[in-house]
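K.L.:
Predicted coordinates and the sequence they were generated for:
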Amino acid sequence: MAKHIVVVGAGPGGLGAAMLLAKAGCTVDVFEQQPYVGGRTSGFEQDGYRFDLGPTFLMMTYILHELFQLTGRRVEDYLTLQNIDPLYRLVFHDGRAFLPTRDQGQMEAEMERLFPGSYQGYQRFLDVESRKFTRLISRLRVPYSSWKPFFNWRFLTSLPTLDAHQSLHTKLGRYFSDEDLRMAFTFQAKYLGMSPWECPGTFSMISYMEHARGIYHVMGGLHRISEAMAKVFEEDGGRLHLSTAVADILVEDGRAVGVRLTDGQVVKADDVIINADFAHAMTHLVKPEHRRKYTDQRLRRKKYSCSTFMLYLGLDRLYDVPHHNVVFAENYRRNVEEVARGHALSQDLSVYFQNASITDPSLAPAGHSALYILAPVPNNNSGISWEQEAAGYRDLVLTTLEQKAGLENLRQHIVTERMVTPKQWEQDHAVFLGATFSLAHNMGQMLVLRPHNQFEEWDHCYLVGGGTHPGSGLPTILESARISAQLILERYGQSLEPVAKASH
Ligand SMILES: Cc1cc2nc3c(=O)[nH]c(=O)nc-3n(C[C@H](O)[C@H](O)[C@H](O)COP(=O)(O)OP(=O)(O)OC[C@H]3O[C@@H](n4cnc5c(N)ncnc54)[C@H](O)[C@@H]3O)c2cc1C
């Protein structure tokens, strides 16, 4: 198909759509403002240590496998995926550590050790959620460009199973009465930058997916996924332009016609795909006269996810702790509410850290390790001055890990370090308000109420990435790429080749 497609941004969303369209014979130009691919799913090397900037959990790997199959490739030829089990270590306020695992015998023993009598609830959780997952997952592949798909019998009958009317925390109370145990199955709301007390019960699917299908690491780091996608794209003739920022999306008579680069060059296209963070793209790359629905004012009124305070540490030792770790605040609910309300920084904080070197020695010199630390914090609506707060917050995070996570004398082992605050997410990584997980995933901003894959403001424009349907997170972002690529191909009478459902 001799159509010319321009993609703004080489994040996983942009790369996913680009590789599918290049395979289908389109001429595809991807413009990426950074000198590297991957956006928030990029990596960096510092003093011999290698870090992922953002994602560290890969789930629902079958979606990645299917994406590669659609281009006639096998993931195995590009990436080595490593299953992580136990899934993670969860450290509660009183110091007890819980290591959920997919080994049912060990899981029963672990649950009975910490939460006597709870294993039956877990079995019910797996059973009920499995049925919900099967019913709902295919629905996420539908582009919700209008209300029409809702008036479909299959969708209507699946509505009660959505559990959208109750919070994730309430929903999980059906299976788990112990508050700490409930936390172990609801903290995943943070993957969407939300609070379990606000996040719709629909997202119990996330903890179900972890337990039923596992969590994976990519050897070398998850940013290898972006690099592999870029490789496939270029192998199929795609043109990747790094360090090339788009200044403007060109709109004429209600249709996107191309882009203007920051050097003034105009690149015309049959269709434009926007992968840059949605609200950032609207407010920075589109003139106000072309926006009726997504005006600056309306975008400001939308709800956004929280942000994250990041530390990437190169250490001269390897701690003997698991790959993924979460240390909960003394009062977890207060902590998540403080993050969600966004007025000030929690002094009693929850921290996630990844000790990937325990699984993957390639990330650091022998005997050393690369430590990734993430603390959820308010997005930049908070007005917090990160110039003033960053050093103190770094100290608080390190003290929390030294005292509660078994990383004794952590400070003494730091060889190299990088920090990313919400301010940097916004300024350096083009993320609106530094809201790292894009628009919030409340029911008012989901499905047809989220910016559509076929953009509703102009014709010949498509969205991919965390700010469109189905939402933030690598698997859903890859699905957005598949949906938008399919919509473009359909417009020209083509379709993605069907592939066998991957079983991974
Ligand atoms: C700290 C953190 C942890 C996360 N952890 C996980 C996880 O464990 N698992 C998971 O599944 N997901 C996770 N996510 C969420 C999500 O998977 C990633 O954020 C993902 O990279 C988002 O992909 P995207 O394609 O929407 O956008 P991005 O990755 O942000 O890509 C957008 C691209 O557009 C480019 N761009 C912007 N403006 C322009 C312009 N004017 N011209 C040219 N290019 C431009 C940007 O430079 C960027 O490369 C995490 C996110 C963060 C931030």
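P.N.:
Now that the structure is in, tell me what you want to look at.

K.L.:
Count the neighbours of the closest residue to F98 other than its chain neighbours for me.
P.N.:
Closest residue to F98 apart from its sequence neighbours, by Cβ to Cβ, 6 or more residues apart in numbering: L90 at 4.5 Å. Heads up, the C-betas are built off the backbone N, CA and C, glycines and all. L90 sits with 22 neighbouring residues when counted by other Cβ atoms under 10 Å.

K.L.:
residues in contact with the host helix or strand of L90?
P.N.:
Here L90 sits within strand 89-91, counting by DSSP states H and E. Contact with strand 89-91 is made by 97-100, 183-184, 187, 321-322, 324-328, 404-405, as judged by Cβ atoms under 8 Å, 6 or more residues apart in numbering.

K.L.:
Which one of the residues you listed sits in the busiest neighbourhood?
P.N.:
Greatest neighbour count in the contacts of strand 89-91, by other Cβ under 10 Å, goes to V327: 25 neighbours.

K.L.:
Who are the contact partners of the closest residue to A269 other than its chain neighbours?
P.N.:
Nearest non-adjacent residue to A269, counting by Cβ to Cβ, 6+ apart: V6, 4.0 Å away. Each residue near V6 by Cβ under 8 Å, 6+ apart is listed here: V28, D29, F31, G258, V259, V267, A269, D271, V272, I273.

K.L.:
Equivalent analysis for L87, please.
P.N.:
Applying Cβ under 8 Å, 6+ apart, the residues near L87 are L99, P100, T101, R102, E210, H211, G214, I215, H324.

K.L.:
Give me the secondary structure label for the residue nearest to A269.
P.N.:
strand (DSSP: H, G, I helix; E, B strand; the rest coil).

K.L.:
For this protein, which residues are neighbours of the ligand?
P.N.:
For the chain, the residues in contact with the ligand (Cβ under 6 Å from any ligand atom) are 8-14, 31-34, 39-41, 54-57, 245-246, 275-277, 285, 308, 374, 430, 436-437, 465-466, 472-474, 477.

K.L.:
So which of those residues sit within strands?
P.N.:
V8, F31, V246, T308, L374 (DSSP state E).

K.L.:
Pick the one among the residues you listed closest to the ligand.
P.N.:
V246 (3.8 Å; Cβ to the nearest ligand atom).

K.L.:
My guess is that closest one contacts D263. True?
P.N.:
No: at 10.7 Å, V246 and D263 do not qualify as touching, with contact defined as Cβ atoms under 8 Å.

K.L.:
between those two, which one's more packed in?
P.N.:
Taking other Cβ under 10 Å, V246 and D263 do not tie; V246 has more neighbours (26 against 8).

K.L.:
ok, the more buried one to V218 distance?
P.N.:
29 Å (Cβ to Cβ, to the nearest Å).

K.L.:
What of L349?
P.N.:
From L349 to V218 the distance is 28 Å (Cβ to Cβ).

K.L.:
out of the two, which sits in the busier spot?
P.N.:
Per other Cβ under 10 Å, whichever of L349 and V218 has more neighbours is V218, with 25 against 21.

K.L.:
Tell me what the more buried one is bridged to.
P.N.:
L81 (DSSP bridges).
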